[in-house]
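Undergrad: here's a sequence, model it:
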Amino acid sequence: MLESLLLSVLAGVAAALAGSLLFILLYTRNQRRSATGILTVARAEAERIRSEGQREADAAKADLLLSAKMETLKLREDLDREILRRREEWDRLERRAEERARAQDRKLEEIDARERGSAHREEALTQRELSLRSREGEAEIDARAVVVVELAAGIDRHQRSIDIVGTLCRCDATGGESKRD
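TA: Predicted coordinates for the structure are as follows:
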C-alpha cells in the first residue's frame, strides 16, 4: 500500500505538475498574445501620436514660414517707402541746388551787365571829360586870342567877358564846335 499510495501521490504530483505546466504554458501563451496585442495597440498609438505631432509640426512650420514671409514683405514695403522718401528728398534737394545755381547765375549775369553798363558809363564819362578838357583848352586858347585881339583893338574887360560867355554858349549848343561871328 505504501507503494500504491506513493504511486498515487506521485501520479497526483505528476498530474498536478503536468497541469501546472499546461497552465503555465497556456498562461504564458495568453500573456504573449495579450502583450503582442498591447504592443500592437501601443505601436499604433505611437504612430498616431507621431503622425499627429508631425502634422502639428508641419502646421507650426507653415505658420512660422507664413509669418516670416509676411514680416519680410512688411519690412520690404517699409524699406521701399523709406527709399521712395529718400529719393523724393534727394530730388527736392537737387531741385533746390539747381534753383540756387540758376539764381546765382542770374545774379552773376546781372553783375556782369551792371559792370558792362558801368564800364560804358565810365567810358562815356571819360570821353565827355576829354571832350570837356579839349573844349576848355580851346576856350582858353580862344580866350587868350580874344585878349590879344582885344588888347590890340582896345576893347575893355567887361565887353570881353560878355563875348567869352557867348562863345561858350554857342559851343555847348553846337556840341563842342565854336562858331565865330
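Undergrad: so which elements touch the longest helix along the chain?
TA: Across the chain, the longest stretch assigned as helix under DSSP state H is helix 2-153. Other elements packing on helix 2-153 under the criterion 3 or more Cβ pairs under 8 Å, 6 or more residues apart in numbering; DSSP states H and E are helix 157-174. Just so you know, the C-beta spots here come from the backbone N, C-alpha and C atoms, and that holds for glycine as well.
Undergrad: mean confidence score for the helix it packs on?
TA: The pLDDT scores in helix 157-174 average 67.
Undergrad: ok, now stretch 133-147?
TA: What stretch 133-147 shows for mean pLDDT is 74.
Undergrad: ok, stretch 35-54 next?
TA: Throughout stretch 35-54, pLDDT has a mean value of 93.
Undergrad: likewise for stretch 102-110?
TA: The average pLDDT for stretch 102-110 rounds to 94.
Undergrad: what does stretch 14-24 give?
TA: 89.
Undergrad: any chance you could list what contacts that stretch?
TA: Residues from elsewhere that reach stretch 14-24 (Cβ atoms under 8 Å, 6 or more residues apart in numbering): none.
Undergrad: buried residues, that stretch. List them.
TA: By neighbour count on 16 or more other Cβ atoms under 10 Å, the buried set for stretch 14-24 is empty.
Undergrad: put the alpha carbons of it into PDB.
TA: Taking Å, rounded to 0.1, in the frame of the first residue of the first chain, the C-alpha atoms of stretch 14-24 are listed here in PDB:
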ATOM      1  CA  ALA A  14       2.900  14.300 -11.800                       C
ATOM      2  CA  ALA A  15      -0.700  15.200 -12.900                       C
ATOM      3  CA  ALA A  16      -0.500  18.400 -10.800                       C
ATOM      4  CA  LEU A  17       2.900  19.100 -12.300                       C
ATOM      5  CA  ALA A  18       1.600  18.500 -15.800                       C
ATOM      6  CA  GLY A  19      -1.500  20.600 -15.100                       C
ATOM      7  CA  SER A  20       0.700  23.300 -13.700                       C
ATOM      8  CA  LEU A  21       3.000  23.100 -16.700                       C
ATOM      9  CA  LEU A  22       0.000  23.200 -19.000                       C
ATOM     10  CA  PHE A  23      -1.500  26.100 -17.100                       C
ATOM     11  CA  ILE A  24       1.800  28.000 -17.100                       C
END
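Undergrad: centre of the chain to it, how far?
TA: Centroid separation between stretch 14-24 and its chain, computed with Cα atoms, centre = their mean, to the nearest Å, is 98 Å.
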